[in-house]
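*Asks:* What shape does this take:
(one chain, ligands or ions: 1)
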Amino acid sequence: MTKQPKDSTVLPCFSRIDPHTIVSELEVLIKGNIVKLNEILEINREYNWENLVMPLTEMDDILGKFWSPIRHLHSVADNDDLRKAYNLCLELITNYSTDIMQNHELFLAYKNIADSKNYLELNHVQKKVIENSLREFRLSGVGLEQHAKDEFKKIVQELSSLQSKLEENVLDSTHDWTKHITDLALLNGLPETAIDLAKQNATEKDKPGWLITLDFPSYYPVMQYADDASLRQELYQAYITRASDQGPGSHQWDNSNLMEKILKLRTAKARLLGYNTYAEYSLARKMADTGEDVLSFLNDLAKRTIDIAKEEFQDLREFAESQYGHDNLNVWDVTYYSEKLRQHKFNFTQEEVKPYFPVSAVLSGLFNLVGRLYGISVEEKNNVDVWHPDVRFFEIFDNQGNQRGGFYLDIYARRQKRGGAWMDECIVRKNVDDVLQQPIAYLNCNFTPPGDDRPSLLTHDDVTTLFHEFGHGLHHMLTLVDHPPVSGINGVPWDAVELPSHFMENWCWERQSLDLIGRHYKTDETLPEELFKKMLLARNFQSAMQMVRQVEFGLFDFRLHYEENDYTQQSIQQLLNEVREKTSVIIPPDYNRFQNSFTHIFSGGYAAGYYSYKWAEVLSADAYSKFEENGIFDGNTGEEFLHTILEQGGSREPMDLFVEFRGRKPSIEPLLRHSGITNTA
Ligand code: ZN
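*Replies:* The predicted structure is shown next:
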């Protein structure tokens, strides 16, 4: 029998986190870390894994375990005191990590290890940790001459403030515009909930009648349901010209100048580090190798999808004409008639399937499924310190009975919790000197809580979301990598990290697995075949149109950061128009300034990386196709996926792992097939 390591996992005490003391506690922690770091750098002349990487990893791990529960509470149980403390802490941590990444002495110490004879004796995980660290130092400008280093720092600071200004402009221009309505007839077609929201908006502003805003929950139902075409047109124009020089609102939030500056600064930043373009700099951290690879990937998707997207659009056109006598579709008609066509074709709503997905059945089905695939079991543990009575804690065991990790499940929507669904790390796996720290995850969703007389019932979208986040969770929890910097999702490139999550979604669309996860909450019946068929048909409604739209965003983003461009408002617009020629089923009006509110790429982390969404979907669809070949519950294939993908974390290149699992490089076919774009198997 192999000797079991000692378990050192300590779960956070959420009930004891005090917003009034966390800032000073963090200050002490950071000061201590800096003292330790300086000691390490002073004592040693020769560096190795034990005297540098291990103590630094330990320092990071302690800081991580302190910060993770605070960051988490800020997301799920926010209050004024906590928010104030959180923001102060965030600033401290950002400054601390910038200083570390620009510490030249520390960089040389890492380099010293990489250049030493001892390096060859390290295992591949240790080498990857050092390799990644050196890359991050370099990408933070540590290796530059002093004047270039100063310039780099200045660019980083300037970019950060320009990007956040750009985002504020989008927010402010979104909030600046409203449409006050006093005649309810204008809102004909809208569902009750959307009308209530408009009423509520008006009341909040002390106005009679109804108020439509450009916030998505207010804007989108109008585009989807409002029978009045001129209302849709007005709203569309206001929405698509936000933060620009066009449109009805004020132009004081025009982002055009900021976009030019941001793009120029990004190029300058990349050039300082020796890259030609910002796209090349961005790819240094990604799975995709070259710009040409990304471009041919996106162009190929566009080429193979555009004709089908045009057919879908033609269907829509004919439908609007034959059923509604509307013979010329405008951009603001597309969502509206699409919704009508969807109802006409499939007569399917999410409400219909909800009774078949009570939370308890979905969870036990999900646990049963991963048990079959990976030989693991999931058990609930009671009496764990949590932040809300609804939160549950589970432990995961492998087929030898060894614990592999644990997770908090916080599934219901409530105030003080941010929207959406996400997985976050609580504790990262670490295994040093026979002392093991288990990986612990937070899984968060915003589903409707149970009612007085019924359990919480999920829509099929909810079920898919839960599976997606659980996929991220398994990637974090089933890792067997011992060193935190590349353990679980750590060190996994941006364009590969969605593989295990998209992957899990596939089982939500199979008859056999739906029978595991869906049981009517009153009758215990499985999903009726007729309903399942409708659901499947509705799955790929206009999927080619959606695909080309994503490709349009991806191509615009990537070419913008990859090709020679003098970055003026005109040249940016011209590039977008060029991309649209190849990817759009309908050319928008000249006033369209979509790009001015495209915060994903201008202020978020998706710059030269928007393609990642589709990239990871190709990987997950292709990985899943192996299960389609071998049987969707095939334990051997599951075990292979477990060993080659889930257990490896960021310790190896994702392409190598993929090839090891699939036996070849990724193919685009399964994604096209799953999206109903090609029928060939
Ligand atoms: Zn995800």
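*Asks:* pLDDT score for the closest residue to residue 526 other than its chain neighbours?
*Replies:* The shortest distance from residue 526 to any residue other than its chain neighbours is 4.9 Å, reached at residue 515 (CB to CB, 6 or more residues apart in numbering). Backbone N, C-alpha and C define where each C-beta goes, glycine included. Listed pLDDT for residue 515 reads 95.
*Asks:* ok, now residue 681?
*Replies:* The model reports residue 681 with a pLDDT of 37.
*Asks:* ok, now residue 163?
*Replies:* pLDDT for residue 163: 89.
*Asks:* Nearest residue to it in space, please, no chain neighbours.
*Replies:* According to CB to CB, 6+ apart, the nearest residue to residue 163 is residue 603 (4.0 Å).
*Asks:* Over to residue 76?
*Replies:* Leaving aside its chain neighbours, residue 76 sits nearest to residue 417 (4.8 Å; criterion: CB to CB, 6+ apart).
*Asks:* helix/strand/coil for the residue lying closest to residue 103 once chain neighbours are set aside?
*Replies:* Of all residues not flanking residue 103 in the chain, residue 142 sits nearest, at 7.3 Å (CB to CB, 6+ apart). Here residue 142 is recorded as coil under DSSP: H, G, I helix; E, B strand; the rest coil.
*Asks:* what packs against the helix or strand hosting residue 90?
*Replies:* Here residue 90 is covered by helix 80-101, with elements defined by DSSP states H and E. If you count contacts as 3 or more CB pairs under 8 Å, 6 or more residues apart in numbering; DSSP states H and E, helix 80-101 packs onto helix 22-43, helix 54-76.
*Asks:* So which other helices or strands are in contact with whatever helix or strand residue 550 lives in?
*Replies:* Assigned by DSSP H and E, residue 550 belongs to helix 543-562. Here helix 543-562 touches helix 256-272, helix 278-283, helix 291-324, helix 569-583, helix 599-602, helix 612-630, going by 3+ CB pairs under 8 Å, 6+ apart.
*Asks:* So residue 436 belongs to a strand, correct?
*Replies:* Yes - Residue 436: assigned to a strand according to three-state DSSP.
*Asks:* how about the strand or helix carrying residue 441 as PDB, C-alpha atoms only?
*Replies:* Assigned by DSSP H and E, residue 441 belongs to strand 440-447. What follows is strand 440-447, C-alpha atoms only, in PDB (Å, rounded to 0.1, in the frame of the first residue of the first chain):
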ATOM      1  CA  ILE A 440     -11.400  23.400  -3.000                       C
ATOM      2  CA  ALA A 441     -13.700  25.300  -5.400                       C
ATOM      3  CA  TYR A 442     -16.600  27.700  -5.200                       C
ATOM      4  CA  LEU A 443     -19.400  26.900  -7.700                       C
ATOM      5  CA  ASN A 444     -21.900  29.700  -8.000                       C
ATOM      6  CA  CYS A 445     -25.100  30.100 -10.000                       C
ATOM      7  CA  ASN A 446     -28.200  32.300  -9.900                       C
ATOM      8  CA  PHE A 447     -31.100  30.000 -10.200                       C
END
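*Asks:* domain parsing for the protein?
*Replies:* Domains of the chain are assigned by automatic domain parsing as 6-101+103-139, 177-253, 256-348+543-610, 355-537+613-674.
*Asks:* quick one, which of those is nearest to residue 159?
*Replies:* With CB to CB as the measure, domain 256-348+543-610 is the member of the domains of the chain nearest residue 159 (5.2 Å).
*Asks:* Which strands or helices does the lowest-mean-pLDDT helix or strand in the chain pack on?
*Replies:* Least confident helix or strand, the chain: helix 350-353 with a mean of 83, by mean pLDDT, DSSP states H and E. Under the contact definition 3+ CB pairs under 8 Å, 6+ apart, helix 350-353 sits against helix 460-477, helix 529-539.
*Asks:* Tell me which of the ones you listed is the most buried.
*Replies:* Ranked by average neighbour count under the criterion mean count of other CB atoms under 10 Å, the helices and strands packed on helix 350-353 are headed by helix 460-477 at a mean of 24.
*Asks:* just checking, what packs against it?
*Replies:* Applying 3+ CB pairs under 8 Å, 6+ apart, we find helix 460-477 packed against helix 350-353, helix 359-374, strand 403-412, strand 422-427, strand 440-447, helix 499-505.
*Asks:* That helix close to the ion?
*Replies:* No - using CB under 5 Å from the ion, helix 460-477 stays clear of the ion, coming no nearer than 5.6 Å.
*Asks:* Do you know the pLDDT at whichever residue of the stretch 351-500 of the chain sits closest to the ion?
*Replies:* Across the stretch 351-500 of the chain, no residue is closer to the ion than residue 498, which sits at 5.0 Å (CB to the ion). Looking at residue 498, its pLDDT reads 92.
*Asks:* For the ion, what's the nearest residue on the stretch 151-300 of the chain?
*Replies:* Closest point on the stretch 151-300 of the chain to the ion, by CB to the ion, is residue 287, at 15.5 Å.
*Asks:* That should have said the chain, apologies.
*Replies:* With CB to the ion, the shortest gap between the chain and the ion falls at residue 501, namely 4.2 Å.
*Asks:* Quick check: closest non-adjacent residue to that residue.
*Replies:* residue 471 (3.8 Å).
*Asks:* how far away is the one you found from residue 13?
*Replies:* 29 Å (CB to CB, to the nearest Å).
*Asks:* hmm, back to that, let me have the helices and strands packed on helix 460-477 in JSON lines, adding mean neighbour count and distance to residue 34 as columns.
*Replies:* Below are these laid out as JSON lines (neighbours: other CB atoms under 10 Å; distance: least, CB to CB, whole Å):
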{"stretch": "helix 350-353", "mean neighbour count": "16", "distance to residue 34": "53"}
{"stretch": "helix 359-374", "mean neighbour count": "19", "distance to residue 34": "42"}
{"stretch": "strand 403-412", "mean neighbour count": "21", "distance to residue 34": "32"}
{"stretch": "strand 422-427", "mean neighbour count": "21", "distance to residue 34": "24"}
{"stretch": "strand 440-447", "mean neighbour count": "22", "distance to residue 34": "27"}
{"stretch": "helix 499-505", "mean neighbour count": "24", "distance to residue 34": "36"}
